[in-house]
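K.L.:
Pasting the sequence and the predicted model now:
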Amino acid sequence: RDTIRSIQDYPGLRCIFGAETAIIWFRIPYISVGIFSGWKTKHQDFAQYGSDIISAQVSILPRPHVAFFLADAQAIKDVTNARHRFTKPVENMGVLSFYGENVVVTEHDEWKRHRKVTAPAFTERNMRLVWDVTTKSFEELCEVVWNGLNEIAVDNIADITVNMMILVIGNAAFGQEMSWVDRNTLPAGHAIKLKDAMSVVARDILMKAIFPEWVLTHVPISRVRRFYTASNELKLYMEEMIQSRRSGESLGGNDLITCLLKANDDGVSKGAAHLSDSEVMGNIFAFLVAGAIPNFTTAHSLAFALILLALHQDEQRALYQHIKSVLPDGRVPSYDDMSQLTYSLAVFLESLRMFAPVSMIPKQAEEDSVLTMQTPDGELRTVFCPAGSRVMIHVAGLHYNPRYWPDPYAFKPARFLDKEWPRDALLAFSTGPRGCIGRRFAETEAVAAITYLVSRFRIEIKDEPQYKGESEAERRERLLKGKISLTFGPAQAPLVFKRRTGCD
Ligand code: HEM
């Protein structure tokens with residue numbers, strides 16, 4: 001009753017468990033708000049209450065409190081820009097700092113120091129490397145692994161995109177040669193290969209949050225043992241990589257580790273902001289395994305983009321024609337072409353709008369504040385937000401808000417070709433000072449991947465006898481059904497890649 005009174009009974013959800021409780025992840029009316037409910041409810045809660053800011057009053061967990069859900073672009077912009085008034089609640093993110101403090105898990109001046117050193121690591125040269133590695137890996141997949149075949153059926157497209165992202169991050173962030181056909185032998189002193197250590201840690205990182213250290217060290221369950229070995233191995237690999245760059249072995253590279261170390265050394269020599277050795281490790285880990293979250297997000301977003309293109313052949317044709325107009329000779333696209341490949345980027349952004357991997361971004365109100373939003377009639381209205389409230393940026397609510405995105409359930413990449421597209425209403429990468437540091441990295445990877453694949457293959461849905469007779473709508477629902485693991489990704493989408501013959 002007290003919490004409801006503190007917000008003058010502002011309309012919204014009333015539940016026992018809050019959006020951040022790990023006990024019940026989904027919406028159960030009056031019981032649980034559900035951290036993952038956004039993917040399902042999209043803009044519906046806001047439409048129901050007739051307002052793009054609604055409250056959620058929680059009576060038990062994580063503690064009795066008020067949360068506000070925001071799907072109003074201006075209110076979200078105000079919150080994300082006011083870094084000191086609306087902070088990132090980092091207290092539950094310890095799992096991402098087990099190799100060292102880093103830019104993801106820090107706040108205030110500490111965060112500022114981490115961000116100042118890490119942001120310059122994402123150089124233009126690094127993006128060029130990301131592009132080259134992505135196209136090279138796809139070339140290897142199509143010509144070597146798929147053996148130049150004209151038709152390839154893939155049971156689950158996400159398996160391909162996740163593997164691809166591990167290769168890209170291994171090459172472009174770690175500076176390690178990695179490919180589909182693993183030619184590397186096991187380095188001396190290691191129990192598993194780097195690629196395997198990355199995949200296992202990325203997949204099972206939540207074990208670190210769930211289990212105490214003694215469980216990881218002693219419990220004889222093979223998956224737990226494998227995770228424990230992989231996380232120790234990854235640490236060892238990272239130490240060796242830092243060591244080799246420190247001893248000047250490979251400082252010529254443009255990978256993220258090299259760029260980060262250069263930026264840090266620069267800070268040290270100028271007496272400016274810099275990081276300790278353990279913080280360097282923590283940030284490399286943040287790029288990679290916290291980077292596992294970003295990397296899975298990129299992989300899953302790319303998978304959704306390919307599924308949507310397979311479901312919308314008209315859009316795929318338009319994209320192919322556009323790619324052909326940029327690359328009429330059919331050569332492999334280069335990084336210099338990226339600025340012209342606007343349709344490929346539009347496809348990626350539209351998939352991110354429809355299937356944002358991060359559906360809620362939490363903030364904490366440090367002081368009493370007022371949120372300003374627009375009513376459906378276009379008037380401005382203020383909402384009192386007491387100190388201590390959670391403010392949840394409801395990405396899915398914003399992305400399906402018809403005020404910014406007419407016909408929000410339709411796949412229309414052309415929205416992003418309009419120069420005036422509503423930039424403040426796309427929050428997949430968050431925005432403001434704490435916006436995603438890897439956005440350009442992810443976009444580069446995705447544009448290279450989409451362009452390469454669509455220029456060479458027509459992508460279709462695999463026909464499966466058990467689904468014969470299903471309607472268009474049922475098919476769409478089945479293929480776009482999401483699954484939640486570390487982030488949101490497609491559950492199971494079988495696709496067929498048909499090599500283009502030149503006349504299609
Ligand atoms: C489609 C791909 C991606 C999506 C949708 C995405 C989304 C996001 C979002 C929503 C945030 C803000 C989280 C918050 O404030 O709680 C964030 C932050 C961050 N992202 Fe990404 N990301 C992607 C790719 C990447 C990649 C490829 C990297 C690195 C290689 C990366 C590194 C980071 C880091 C280090 C932060 C923390 C920045 C800070 O707090 O200052 N992300 N990302």
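P.N.:
Right, received. Where do you want to start?
K.L.:
Every contact and neighbour count from this point should use C-alpha atoms.
P.N.:
Will do.
K.L.:
Burial check on residue 279, number of neighbours?
P.N.:
18 (other Cα atoms under 10 Å).
K.L.:
Give me the helices and strands touching the helix or strand encompassing it, please.
P.N.:
Applying DSSP states H and E as the criterion places residue 279 in helix 277-288. Secondary-structure packing of helix 277-288 (3 or more Cα pairs under 8 Å, 6 or more residues apart in numbering; DSSP states H and E): helix 222-246, helix 256-269, helix 292-311.
K.L.:
If you count contacts, what does the longest one end up packed against?
P.N.:
When contacts are defined as 3+ Cα pairs under 8 Å, 6+ apart, helix 222-246 packs onto helix 194-204, helix 213-218, helix 277-288.
K.L.:
same question, the shortest one
P.N.:
Taking 3+ Cα pairs under 8 Å, 6+ apart as the contact definition, the neighbouring helices and strands of helix 256-269 are helix 108-118, helix 277-288.
K.L.:
Flag every buried residue along the last one.
P.N.:
Okay, so that is helix 277-288. Using 16 or more other Cα atoms under 10 Å as the test for burial, helix 277-288 gives 279-288.
K.L.:
ok, and of those, which contact the ligand?
P.N.:
Filtering the buried residues of helix 277-288 for proximity to the ligand (criterion: Cα under 6 Å from any ligand atom) leaves 286-287.
K.L.:
Could you dump the buried residues of helix 277-288 into a markdown table with pLDDT added?
P.N.:
Shown next, in a markdown table, are those (pLDDT from 0 to 100):
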| residue | pLDDT |
| --- | --- |
| 279 | 90 |
| 280 | 88 |
| 281 | 85 |
| 282 | 87 |
| 283 | 89 |
| 284 | 85 |
| 285 | 80 |
| 286 | 80 |
| 287 | 79 |
| 288 | 71 |
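K.L.:
Please convert the buried residues of helix 277-288 to a markdown table, extending it with distance to residue 237.
P.N.:
A markdown table is the format used below for the buried residues of helix 277-288 (distance: Cα to Cα, whole Å):
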| residue | distance to residue 237 |
| --- | --- |
| 279 | 16 |
| 280 | 14 |
| 281 | 11 |
| 282 | 13 |
| 283 | 15 |
| 284 | 11 |
| 285 | 11 |
| 286 | 15 |
| 287 | 15 |
| 288 | 13 |
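K.L.:
now, which of the buried residues of helix 277-288 sits nearest residue 158?
P.N.:
residue 288 (18.5 Å; Cα to Cα).
K.L.:
How about that closest one, nearest residue that isn't a chain neighbour?
P.N.:
residue 169 (7.1 Å; Cα to Cα, 6 or more residues apart in numbering).
K.L.:
Next up, phi/psi of the one you found, please.
P.N.:
In terms of degrees, to the nearest 10, the main-chain angles of residue 169 are phi -70, psi -40.
K.L.:
the strands in the stretch 51-200 of the chain, which residues?
P.N.:
Counting by DSSP state E, counting those that start in this stretch, the stretch 51-200 of the chain has strands at residues 53-61, 65-70, 86-87, 151-154.
K.L.:
now the first one and strand 65-70, what's the angle there?
P.N.:
What separates the directions of strand 53-61 and strand 65-70 is an angle of 150 degrees, with axes from the mean of the first three to the mean of the last three Cα atoms, to 10 degrees.
K.L.:
Which residues does strand 53-61 contact?
P.N.:
3-4, 10-18, 21, 33, 45-46, 64-72, 373 (Cα atoms under 8 Å, 6 or more residues apart in numbering).
K.L.:
before we move on, what about the last one?
P.N.:
Residues from elsewhere that reach strand 151-154, judged by Cα under 8 Å, 6+ apart: 146, 462, 494-499.
K.L.:
now stretch 161-176
P.N.:
Contacts with stretch 161-176, where a contact means Cα under 8 Å, 6+ apart, come from 126, 129-130, 133-134, 137-138, 177-180, 195, 198-199, 241, 253-257, 287-288, 295-296, 298-300, 302-303.
K.L.:
In PyMOL, how would I select the buried members of the residues you listed?
P.N.:
Restricted to buried positions by 16+ other Cα under 10 Å, the PyMOL selection for the contacts of stretch 161-176 reads:
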select buried, resi 126+129+130+133+134+137+138+178+179+195+198+199+241+253+254+255+256+257+287+288+295+296+298+299+300+302+303
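K.L.:
Check the stretch 1-150 of the chain for the residue nearest the ligand and tell me.
P.N.:
Nearest residue of the stretch 1-150 of the chain to the ligand, counting by Cα to the nearest ligand atom: residue 104, 4.3 Å away.
K.L.:
The helices and strands packed on helix 277-288: which one's closest to the ligand?
P.N.:
Using Cα to the nearest ligand atom, the helices and strands packed on helix 277-288 put helix 292-311 closest to the ligand, at 3.8 Å.
K.L.:
Average pLDDT for that closest one, rounded please.
P.N.:
If you average the pLDDT over helix 292-311, you get 83.
K.L.:
How far off centre is whatever helix or strand comes next after that helix?
P.N.:
Where DSSP H and E defines the elements, the next helix or strand beyond helix 292-311 is helix 313-326. The chain centre lies 26 Å from the centre of helix 313-326; the measure is Cα atoms, centre = their mean, to the nearest Å.
K.L.:
now swap in stretch 7-17 and tell me
P.N.:
Mean C-alpha position of stretch 7-17 versus that of the full chain (Cα atoms, centre = their mean) differs by 30 Å.
K.L.:
in it, what counts as buried?
P.N.:
Neighbour counts using 16+ other Cα under 10 Å place 7, 10-17 of stretch 7-17 among the buried residues.
K.L.:
before we move on, the earlier item: next, format the strands of the stretch 51-200 of the chain as JSON lines and append mean neighbour count.
P.N.:
JSON lines is the format used below for the strands of the stretch 51-200 of the chain (neighbours: other Cα atoms under 10 Å):
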{"stretch": "strand 53-61", "mean neighbour count": "23"}
{"stretch": "strand 65-70", "mean neighbour count": "24"}
{"stretch": "strand 86-87", "mean neighbour count": "22"}
{"stretch": "strand 151-154", "mean neighbour count": "16"}
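K.L.:
export the ones you listed to a markdown table and tack on distance to residue 361 and mean pLDDT?
P.N.:
A markdown table is the format used below for these (distance: least, Cα to Cα, whole Å; pLDDT from 0 to 100):
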| stretch | distance to residue 361 | mean pLDDT |
| --- | --- | --- |
| strand 53-61 | 14 | 84 |
| strand 65-70 | 10 | 92 |
| strand 86-87 | 11 | 96 |
| strand 151-154 | 33 | 95 |
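K.L.:
who wins for proximity to residue 225 among those?
P.N.:
That would be strand 151-154 among the strands of the stretch 51-200 of the chain, by Cα to Cα, at 30.5 Å.
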